[in-house]
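Enquirer: sequence first, then the predicted structure:
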Amino acid sequence: MRGLFITFEGPEGAGKTTIIQKVAKEMENGGIDVVLTREPGGIQISEQIRQVILDPANTAMDARTEALLYAAARRQHLVEKVIPALKKGAIVLCDRFIDSSLAYQGHARGLGMDEVLSINQFAIQELMPDKTLYFDIEPEIGLKRIEAHTGREVNRLDLEKVTFHHKVREGYKILLERFPERITSIDASASLHTVYEETVAIIEKLLVKKAN
């Protein structure tokens, strides 16, 4: 039986990484076969591409180059890690996926969502998430969280102006309207406990549906 592919999305500082790690640990403790991964990254080749994309020194990177690098990392990640895990029946929790490219490069960079979607359709071969959880937060709040979080890596996207991050959020809002059955929005400005409980409730419903 094919597993479940659940992706976590959101602007910088939304707290999705903290939540996804907490959810994965709880699932593991409950005896569920879960695979926690991230994009760009998750496997050696994609992690190497991640270093190039997010290196703060690479400010000269062209927007199309950026989009293509994300798609390349995504393809390798799917082939090596995600698809094999799904075939084994595992629950794959992925920190970012195709919606990040659509919101960041498609909308915020101005490349066009349909254009970026086309690039990624070649990479993913129609493999879309079963469910996407979008953690919504005001950019100013998210960026303040990043500043306060001393252990978090500061990447090239963090250095963008706040107007860029507002466009990213706009992009996600468009995706919410475009894919309402797949994407569920969660208020990430709430307490960690509240956000976590809401996330768990959504995933539990997916697991019950899968079992039936």
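Expert: Okay, I see it.

Enquirer: in the helix or strand of the chain with the lowest mean pLDDT, what counts as buried?
Expert: Least confident helix or strand of the chain, by mean pLDDT, DSSP states H and E, is helix 139-148 with a mean of 86. Buried positions in helix 139-148, judged by neighbour count with 16 or more other Cβ atoms under 10 Å: 139, 142-143, 145. Quick note: C-beta positions are derived from backbone N, CA and C, even for glycine.

Enquirer: what's next to that helix, contact-wise?
Expert: The contact list for helix 139-148 (Cβ atoms under 8 Å, 6 or more residues apart in numbering) reads 11-15, 152, 154, 158, 162, 165-166, 168-169, 188-189.

Enquirer: got the CA coordinates for that helix in PDB?
Expert: The C-alpha trace of helix 139-148 is given here as PDB (Å, rounded to 0.1, in the frame of the first residue of the first chain):
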ATOM      1  CA  PRO A 139       6.400  38.500   7.500                       C
ATOM      2  CA  GLU A 140       7.500  41.000  10.100                       C
ATOM      3  CA  ILE A 141       6.700  38.500  12.900                       C
ATOM      4  CA  GLY A 142       8.400  35.600  11.100                       C
ATOM      5  CA  LEU A 143      11.600  37.700  10.500                       C
ATOM      6  CA  LYS A 144      11.700  38.800  14.200                       C
ATOM      7  CA  ARG A 145      11.500  35.100  15.200                       C
ATOM      8  CA  ILE A 146      14.500  34.400  13.000                       C
ATOM      9  CA  GLU A 147      16.500  37.200  14.500                       C
ATOM     10  CA  ALA A 148      15.700  35.800  18.000                       C
END
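
Enquirer: next SSE after that helix?
Expert: Sequence-wise, the next helix or strand downstream of helix 139-148 (DSSP states H and E) is helix 162-178.

Enquirer: which strands and helices sit next to that following helix?
Expert: helix 113-124, strand 131-136, helix 139-148, strand 183-187 (3 or more Cβ pairs under 8 Å, 6 or more residues apart in numbering; DSSP states H and E).

Enquirer: sorry, back to before: and the two most separated of the contacts of helix 139-148?
Expert: Farthest pair in the contacts of helix 139-148 (Cβ to Cβ) is 154 and 189. Separation: 21.9 Å.

Enquirer: those two - which one has more neighbours?
Expert: Between residue 154 and residue 189, residue 189 has the larger neighbour count (other Cβ atoms under 10 Å), namely 16 against 12.

Enquirer: can you pull up the bridge partners for the nearest residue to residue 131 once chain neighbours are set aside?
Expert: Ranked by Cβ to Cβ, 6 or more residues apart in numbering and with sequence neighbours excluded, the top spatial neighbour of residue 131 is residue 6, at 5.0 Å. Beta bridges link residue 6 to residue 93, residue 131, judged by DSSP bridges.

Enquirer: tell me the spacing between residue 6 and residue 119.
Expert: Separation of residue 6 from residue 119 (Cβ to Cβ, to the nearest Å) stands at 23 Å.

Enquirer: would you confirm that residue 104 contacts residue 160?
Expert: No - using Cβ atoms under 8 Å, residue 104 is not in contact with residue 160; the gap is 9.5 Å.

Enquirer: more neighbours, those two?
Expert: Taking neighbours as other Cβ under 10 Å, residue 104 and residue 160 compare with residue 104 leading, 27 against 18.

Enquirer: what's the closest non-adjacent residue to the more buried one?
Expert: residue 168 (5.6 Å).
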